[in-house]
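Asks: turn this into a structure:
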Amino acid sequence: MLFLGVDAGTTALKVGLFDANGSALTIASEEYALVTPSADWVEIDPENYWRALTRAVHAVIAAAPARVNEIAALAISSQGETVIAADENGRALYPAMVWLDNRAHIQAEKISAQFNPREVYAATGNPEIVPMWTACKILWLKENESQVFARAHKFLFVADFLLHRLTGRFVTDGTLACSSLLWDARRNDWWDAMLACVGISRERLAEPVAPGASVGTLTRDAANELGLPQKIVVVAGGMDQSAGAVGAGNIRPGIVSESTGGALTIQATIATRDLDPHQKIPVNVHALPGAFFFVAVCPTGGMTLRWFRDHFAQEEARRAREQNRDAYQLLDEIANTVEPGCEGLTMLPHLMGAFSPEHNAHARGVFAGFTLRHTKAHFMRAILEASAFMLKRNLDALQALGISAPEIFCTGGGAHSSLWLQIKADVLNKPVATLAHNDTAILGSAILAAVAVGAHTSLADACAAMVHRHQQIEPRAATRVAYADAFARYCALYDQLYASKG
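Replies: Residues are numbered from 1 along each chain as shown. The predicted structure follows:
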């Protein structure tokens, strides 16, 4: 049997075809562009998710046409918080309000006035009420797009939207719903008090199913459009962070993984629903039955690098096309010519606000300390170092909660960069390890699909068979002083600019 793992991320949708041993037959990726009508708005046409899925599946089939009839199941994971207002046929009525969207400041304040923060954290695991949460976005629609709100049959997450297109069912699961502010993780159900505050009934949300549950088989239309057999079982893969934790083998305490994709996220599995007494780190529902995990989120991790590539690296992009290479490889090469610490240049990568461990939707990106000596290479390296500093700041917060690990598993697109991996190891002063498949969300989705159809008896057995370690990168003692100084500059810069506001 073969399994399709799908992950609809912030800026790209990926599809991987895996066997029961975790070997990838082929992987396809389709990017899509976000629209930012104003500083705090981030939108996308929801149909772009379906178009990307269709193109990526066709690319996978084209690479392995003889194996199509062996595909037993597919699972869909996606970014969280993004909300799509849909009619009774699952068609979008308004652009998807992407999780990065921070327009709902007023609505976040209104909700905050109705709830004690500790009550919210106890119920949802979300440390603060911020505009990115789905509940705030839905309330914004109610107050600013009343006709859309009134016509909406369902308010869906991205995976919900795609699952309906595949099966005709409106379903979701706790791993995806838990970061919406609408989900009561204590009861594993929608939170009635928050629904009442926002002004929606549970009937206007998708039906909850267990993480990794079978939703049904492909509809005839979906099968025809994708070019897949209609018998394929469709599985709820949940939020990308949960699927990514599964794909990293992060299913027991003592393992910490990070994913640098559009966002930078850190996952630490916990056996019971322990909460952060300082209310800094979110606690999410894990795909592992009965388990939870701390998940620290930095909204613009790899997204910052993509922003730099798109706006300031046209020359590298042109050369990359001529040389049939990736522009990021060329940018890595120029960044590697700069010494650790960037000769005093420091960046804050909060292009769409800060979240973990600082909660500050008003934070913005900053470059500080540059002189006539600094070049594009310095700015490029400063972005890589800033991401590593965000990672360290969050790991320090987890350490204060007693969460630590002898090494950190690095996953996502950022794990393709040997320079970035070395910077992370040096900044953390700790080994970082990579896996055979860096795209752990699509592997995790494939693992959930395999378990759903009985190819493996449990999630633990599936991870043991399908997750494989690749390499370990050791920290370099020679960089310790330079990075200690640079990290101190990073922390001081944030505190000087934002601590009084955050």
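Asks: for whichever strand or helix holds Asp485, packing partners?
Replies: Following DSSP states H and E, one finds Asp485 within helix 480-498. Applying 3 or more C-beta pairs under 8 Å, 6 or more residues apart in numbering; DSSP states H and E, one finds that helix 480-498 contacts strand 346-348, strand 366-368, helix 376-400, helix 418-428. Every C-beta, even on glycine, is put in place using the N, C-alpha and C of the backbone.
Asks: average pLDDT for that helix, rounded please.
Replies: Averaging pLDDT along helix 480-498 yields 94.
Asks: show me what it is in contact with.
Replies: 339-342, 344, 346-348, 354, 358, 360, 362-363, 366, 368-369, 385-386, 389, 392-393, 426-427, 429 (C-beta atoms under 8 Å, 6 or more residues apart in numbering).
Asks: next, the angle helix 418-428 makes with that helix.
Replies: Interaxial angle of helix 480-498 relative to helix 418-428 (axes from the mean of the first three to the mean of the last three C-alpha atoms, to 10 degrees): 80 degrees.
Asks: among the helices and strands packed on helix 480-498, which comes closest to Gly125?
Replies: helix 376-400 (14.7 Å; C-beta to C-beta).
Asks: what is the orientation angle of that closest one with helix 418-428?
Replies: For helix 376-400 against helix 418-428, the angle by the same axes, to 10 degrees is 50 degrees.
Asks: could I get the average pLDDT for helix 376-400?
Replies: 94.
Asks: and it, which residues are buried?
Replies: For helix 376-400, burial by neighbour count (16 or more other C-beta atoms under 10 Å) applies to 376-395, 397-398.
Asks: with adjacent residues omitted, what lies nearest to Leu419?
Replies: Leaving aside its chain neighbours, Leu419 sits nearest to Asp332 (4.7 Å; criterion: C-beta to C-beta, 6 or more residues apart in numbering).
Asks: repeat that for Leu4.
Replies: Per C-beta to C-beta, 6+ apart, closest to Leu4 is Leu74, 3.6 Å.
Asks: help me confirm that that neighbour comes into contact with Ile232.
Replies: Yes. Counting by C-beta atoms under 8 Å, Leu74 does reach Ile232; the two are 5.9 Å apart.
Asks: what touches both of those two?
Replies: Contact criterion C-beta under 8 Å, 6+ apart; residues bridging Leu74 and Ile232 by contacting each: Leu4.
Asks: more neighbours, the two?
Replies: Counted by other C-beta atoms under 10 Å, Leu74 and Ile232 do not tie: Leu74 has more neighbours, with 28 against 23.
Asks: could you look up the SS state of that one?
Replies: Classification of Leu74 by DSSP: H, G, I helix; E, B strand; the rest coil places it in strand.
Asks: separation between it and Thr36?
Replies: Distance, Leu74 to Thr36, by C-beta to C-beta, to the nearest Å: 31 Å.
Asks: likewise for Pro131?
Replies: Between Pro131 and Thr36 the distance is 15 Å, computed by C-beta to C-beta.
Asks: more crowded one of the two?
Replies: Each of Pro131 and Thr36 has its neighbours counted (other C-beta under 10 Å); Pro131 has more, 20 against 14.
Asks: what about that one, which SS state?
Replies: Per three-state DSSP, the local secondary structure of Pro131 is coil.
Asks: next, give phi and psi for it.
Replies: phi -60, psi -20 (degrees, to the nearest 10).
Asks: tell me the pLDDT of it.
Replies: For Pro131, the predicted pLDDT is 92.
Asks: quick one: it and Ala104, what's the gap?
Replies: Taking C-beta to C-beta, one finds Pro131 at 4 Å from Ala104.
Asks: any shared contact partners between those two?
Replies: Counting by C-beta under 8 Å, 6+ apart, the contacts common to Pro131 and Ala104 are Lys137.
Asks: that older thread, who's in contact with the residue nearest to Leu4?
Replies: So Leu74 contacts Phe3, Leu4, Gly5, Val6, Leu166, Leu228, Ile232, Val233, Val234, Val235, Ser445, Ala449 (C-beta under 8 Å, 6+ apart).
Asks: neighbour-wise, give me the winner out of those residues.
Replies: Ser445 (39 neighbours).
Asks: helix or strand: which one has that residue?
Replies: Per DSSP H and E: helix 440-452 holds Ser445.
Asks: quick one: distance of that helix to the chain centre.
Replies: Distance of helix 440-452 from the chain centroid (C-alpha atoms, centre = their mean, to the nearest Å) equals 16 Å.
Asks: which SSE is immediately downstream of that helix?
Replies: Helix 440-452 is succeeded, C-terminally, by helix 459-466 (DSSP H and E).
Asks: low-confidence regions, the stretch 101-250 of the chain specifically.
Replies: Along the stretch 101-250 of the chain, no part satisfies pLDDT under 70.
Asks: what about the helices in it?
Replies: For the stretch 101-250 of the chain, applying DSSP state H, counting those that start in this stretch gives helices covering 105-114, 117-124, 134-144, 146-151, 158-167, 174-177, 192-198, 220-226, 240-247.
Asks: can you redo those helices as CSV with distance to Leu493?
Replies: Formatted as CSV, the helices of the stretch 101-250 of the chain follow (distance: least, C-beta to C-beta, whole Å):
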stretch, distance to Leu493
helix 105-114, 24
helix 117-124, 27
helix 134-144, 29
helix 146-151, 40
helix 158-167, 34
helix 174-177, 35
helix 192-198, 36
helix 220-226, 48
helix 240-247, 28
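Asks: any idea which of the ones you listed is most buried?
Replies: Compared across the helices of the stretch 101-250 of the chain, helix 240-247 shows the largest average neighbour count, a mean of 33 (mean count of other C-beta atoms under 10 Å).
Asks: run the angle between the helix or strand following that helix and helix 440-452 for me.
Replies: Next helix or strand after helix 240-247 toward the C-terminus (DSSP H and E): strand 256-260. Orientation of strand 256-260 against helix 440-452 (the same axes, to 10 degrees) gives an angle of 120 degrees.
Asks: give the rounded mean pLDDT of strand 256-260.
Replies: For strand 256-260, the mean pLDDT works out to 92.
Asks: got a list of contacts for it?
Replies: So strand 256-260 is in contact with 241, 244-245, 248, 250, 264-268, 301-302, 387, 391, 395, 398, 403-405, 408-415, 420, 424, 440-441, going by C-beta under 8 Å, 6+ apart.
Asks: one more pass at 7 Å, please.
Replies: Outside of strand 256-260, the residues within contact range by C-beta atoms under 7 Å, 6 or more residues apart in numbering are 244-245, 248, 250, 264-268, 301-302, 387, 391, 403, 405, 408-414, 440.
Asks: roughly how far apart are the residue nearest to Leu4 and Ala222?
Replies: 11 Å.
Asks: what is in contact with those two at once?
Replies: Shared contacts of Leu74 and Ala222, defined by C-beta under 7 Å, 6+ apart, are absent.
Asks: tell me how many other residues crowd Ala104.
Replies: Neighbours of Ala104 using other C-beta under 10 Å come to 27.
Asks: right, and it touches Thr134 too?
Replies: No. The criterion here is C-beta atoms under 7 Å, and Ala104 misses it with Thr134 at 9.7 Å.
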